[in-house]
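Asks: Everything below, folded, please.
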Amino acid sequence: MIGHELTALHGLTHGATLAIVFPGTLRTLRKQKEGKILQYGERVWGINSGTTEERVSQAIEKTEQFFQSLGLSTRLSQEKIGDATITEIENSVAREILESCK
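Replies: Here you go, the predicted structure:
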């Protein structure tokens, strides 16, 4: 949803929106999705040592570094996207949620 909104509002490609949204989503959901992030880190990045917290952080960092190595932005600010867009996306997502509950 967020990626689609970024595409509609700013013309970013699907891959560009994933590079921005995915690392941030991992950071936000790190506690709720800890097990899945650990599994992802081990399977994709070969991370299998360190504390749980360290491995989760490494998985997120390596993901962000990978996107950056491809020349992709990993922050909204790098695309000059600010608070107005964030508010618009929040409102759009809220509308979608309300519509789905009807």
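
Asks: Next one: the residue of the chain most remote from its centre from Gln78, what distance?
Replies: Centroid-distance maximum for the chain: Lys102 at 28.2 Å, with Cα atoms, centre = their mean. Using Cβ to Cβ, to the nearest Å, Lys102 is found at 37 Å from Gln78. For glycine as for every other residue, the C-beta is placed from the backbone atoms N, C-alpha and C.

Asks: And Ile60, by the same measure?
Replies: For Ile60, the distance to Gln78 - Cβ to Cβ - is 17 Å.

Asks: Which one's more surrounded, those two?
Replies: Neighbours were tallied for Ile60 and for Gln78 using other Cβ atoms under 10 Å; the higher tally belongs to Ile60 (20 against 12).

Asks: Which of the helices or strands spans the residue sitting nearest the centre point of the chain?
Replies: Centroid check for the chain by Cα atoms, centre = their mean gives Phe22 as the closest residue, at 2.0 Å. Following DSSP states H and E, the helix or strand that holds Phe22 is helix 14-28.

Asks: what do you get for Leu9?
Replies: helix 2-10.

Asks: could you check the angle helix 14-28 makes with that helix?
Replies: Helix 2-10 runs at 130 degrees relative to helix 14-28, counting by axes from the mean of the first three to the mean of the last three Cα atoms, to 10 degrees.

Asks: Would you mind pulling the contact partners of helix 2-10?
Replies: Identification of contacts with helix 2-10 by Cβ atoms under 8 Å, 6 or more residues apart in numbering yields 12-14, 16-18, 20-21, 79, 81, 85, 88-89, 92-93.

Asks: chain center to it, what's the gap?
Replies: 13 Å (Cα atoms, centre = their mean, to the nearest Å).

Asks: Can you show me the CA trace of that helix as PDB?
Replies: The C-alpha trace of helix 2-10 is given here as PDB (Å, rounded to 0.1, in the frame of the first residue of the first chain):
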ATOM      1  CA  ILE A   2       2.700   2.500   1.000                       C
ATOM      2  CA  GLY A   3       4.700   1.700  -2.100                       C
ATOM      3  CA  HIS A   4       1.700   2.100  -4.400                       C
ATOM      4  CA  GLU A   5       1.000   5.500  -2.800                       C
ATOM      5  CA  LEU A   6       4.600   6.600  -3.300                       C
ATOM      6  CA  THR A   7       4.400   5.600  -6.900                       C
ATOM      7  CA  ALA A   8       1.100   7.500  -7.400                       C
ATOM      8  CA  LEU A   9       2.300  10.600  -5.700                       C
ATOM      9  CA  HIS A  10       5.900  10.800  -6.800                       C
END
